[in-house]
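**Q** Provided below are the primary sequence and the corresponding predicted coordinates.
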Amino acid sequence: SRAGHGTFCGRLSHPCLLSFAAMALAAVVGSAAHAMAVTFAMIASGMLLRASGVVSPAGQREMSQVAVKLLLPAFNFSALIADVSWERLQACRGVALFAVLHVAIGLSLGMLLCRMGKSSPFLRQHRGQVMVLCAFCNGTAMPLTLFRALVSSTPELKEVEAAGALDITIYGTVWRLLLWTVGIALLEADGAPEAVGGDSPSKARRGPGPSPGALLRAALLNTNTAAALGGFLVALGPASLRSVFFGGPLAFLREAIANVSKASHPMLLLTLGAALWPAPSCSDWQAVGGICAVKLIGLPIVTFVLLQGGLAAALNLSVTGALAVAIEACVPSALQISMMVQSTGRDARTCTVVCFWQHIAALLTMTAALAVALAGMP
């Protein structure tokens, strides 16, 4: 039961915990390196398509639109109706609240970074992108890979694998809803340059930005928010509605949407690779380094302080919940943010470069962060 998971580590001796930590970290490094290798290979495929002329600049933008307006909504809907229920939300309510807290902390740190980095054109002109990059992590795929690597390295912890996977799934559910409401509104609010010039302050000026009503429409009237609301309605609504999609007359539609959703991750990485060719020159290393530091170092530190300071107990987090929260805090920014920026008509090159370097640096920072998290387990 989930109640028993909260005291599991309390039954382990200190030498056992040290042994577990050593084996778990070795598994994390291997799994993280493998996941990064797969990711970079798929990104390289997108770069090759762009370099060979198979995908044109216009085609790359169209790929981004297909992913944002069709594939990702299909994924959101399929994930929600398959994984969410009132019972699961109740069991993982502490993790769900931490997802909201992580976003709030990340947005605050991102705003602080923009105020401190006045000499950086990107930090000064693109506050929305900076805040979203600092607040929204890779919510499900990478955390699940790392968690399973941690628990599979020690047979005694295999019993908690299902509970941890559920924690990460619920976290990802809340994260996706916030990304496509709060996140997309912040990106829309990121004033578009009035003249072509990218990040050069001498060539571009910020426009007045959209009105609050336009931001509200951007947050609520987009296909991803609609898909999320539809998924919640089916998952949490009356049983009769759910039965229509599971074994009922609309079962074919659910299966079709699920099949379409499987293309979301490959399209995401191929589009990101296409956006990286020709390789964008980045002179604003203050922005790259600052965002990487906030997301990969600052947010994990704040999370560990909160967990050790009593918030884990206050939210009644199980040991798997606390470990899931620690993992979510240290993974890099979501790659789909780059596509979201493109969908708003903004220049996503710097955002793409930031995501790229985050995933390289994360191999080291995630290992260090998880070492600290495991050392602090009760």
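**A** Good, I have the coordinates. Numbers count the residues shown, from 1 in each chain.
**Q** wait, Leu250 sits on Val244?
**A** Yes - judged on CB atoms under 8 Å, Leu250 makes contact with Val244 at a distance of 5.0 Å. To be clear about C-beta, it is placed using only N, CA and C from the backbone, and glycine gets the same treatment.
**Q** then the one helix or strand Val341 maps to to PDB, C-alphas only?
**A** Secondary structure assigned from DSSP states H and E places Val341 in helix 336-343. Taking C-alpha atoms only, helix 336-343 is exported to PDB below (Å, rounded to 0.1, in the frame of the first residue of the first chain):
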ATOM      1  CA  GLN A 336       8.600  21.300 -26.500                       C
ATOM      2  CA  ILE A 337       9.000  24.800 -25.200                       C
ATOM      3  CA  SER A 338      11.100  25.600 -28.400                       C
ATOM      4  CA  MET A 339       8.100  24.500 -30.500                       C
ATOM      5  CA  MET A 340       5.700  26.600 -28.400                       C
ATOM      6  CA  VAL A 341       7.900  29.600 -29.000                       C
ATOM      7  CA  GLN A 342       7.800  29.000 -32.800                       C
ATOM      8  CA  SER A 343       4.000  28.600 -32.700                       C
END
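**Q** And it, what's buried?
**A** Gln336, Ile337, Ser338, Met339, Met340, Val341, Gln342, Ser343 (16 or more other CB atoms under 10 Å).
**Q** If I look at the closest residue to the fifth one other than its chain neighbours, what pLDDT would I see?
**A** By the measure of CB to CB, 6 or more residues apart in numbering, the closest residue to Met340 outside its immediate chain neighbours is Leu187, 5.7 Å from it. Residue-level confidence at Leu187 comes out at 89, pLDDT.
**Q** and Leu187, how many residues sit next to it?
**A** If you count neighbours by other CB atoms under 10 Å, Leu187 ends up with 24.
**Q** I'd say Ala263 and Leu71 touch.
**A** Yes - assessed by CB under 8 Å, Ala263 is found in contact with Leu71 at 5.4 Å.
**Q** which of the two has more neighbours?
**A** A direct count of neighbours by other CB under 10 Å for Ala263 and Leu71 places Leu71 higher, at 22 against 16.
**Q** show me the residues around the more buried one that make contact.
**A** Shown in contact with Leu71 (CB atoms under 8 Å, 6 or more residues apart in numbering): Val260, Ser261, Ala263, Ser264, Met267, Leu268.
**Q** ok, now which ones touch the last one?
**A** In other words, Leu268. By CB under 8 Å, 6+ apart, the neighbours of Leu268 are Ala67, Leu71, Leu72, Leu335, Gln336, Met339.
**Q** so it sits in a helix?
**A** Yes - under DSSP: H, G, I helix; E, B strand; the rest coil, Leu268 sits within a helix.
**Q** ok, now how distant is it from Arg88?
**A** From Leu268 over to Arg88 the distance is 26 Å, taken as CB to CB, to the nearest Å.
**Q** Only the buried residues of stretch 278-293, if you could.
**A** Residues of stretch 278-293 classed as buried: Cys282, Asp284, Gln286, Ala287, Val288, Gly290, Ile291, Cys292, Ala293 (neighbour count, 16+ other CB under 10 Å).
**Q** Helices - which of those land there?
**A** Gln286, Ala287, Val288, Gly290, Ile291, Cys292, Ala293 (DSSP state H).
**Q** ok, for the second one, nearest residue in space, not its chain neighbours?
**A** Leaving out its chain neighbours, the residue that sits closest to Ala287 by CB to CB, 6+ apart is Phe122, at 3.9 Å.
**Q** The first one now?
**A** For Gln286, the nearest residue in space outside its immediate sequence neighbours is Ser120; the separation is 4.2 Å by CB to CB, 6+ apart.
**Q** Span of stretch 132-143 from start to end?
**A** 19 Å (CA to CA, to the nearest Å).
**Q** got the contact list for Arg176?
**A** Contacts of Arg176 (CB under 8 Å, 6+ apart): Asn76, Ala79, Gly139, Asn224, Ala228.
**Q** For it, what is the enclosing helix or strand?
**A** helix 161-178.
**Q** And Gly247, by the same measure?
**A** When elements are assigned from DSSP H and E, Gly247 belongs to no helix and no strand.
**Q** That one: neighbouring residues, count only.
**A** 10.
**Q** Report the contact partners of Gly231.
**A** Asn76, Phe77, Ser78, Ala79, Leu80, Ile81, Val84.
**Q** Now with 6 Å, please.
**A** Residues in contact with Gly231, defined by CB atoms under 6 Å, 6 or more residues apart in numbering, are Phe77, Leu80, Ile81.
**Q** State whether the first one and Ala226 are indeed in contact, as I suppose.
**A** Just to be clear, that refers to Phe77. No - if you go by CB atoms under 6 Å, Phe77 and Ala226 don't touch, sitting 8.9 Å apart.
**Q** show me what contacts the residue nearest to Met340?
**A** Contacts for Leu187 (CB under 6 Å, 6+ apart) come out as Gly128, Met340, Val341, Thr344.
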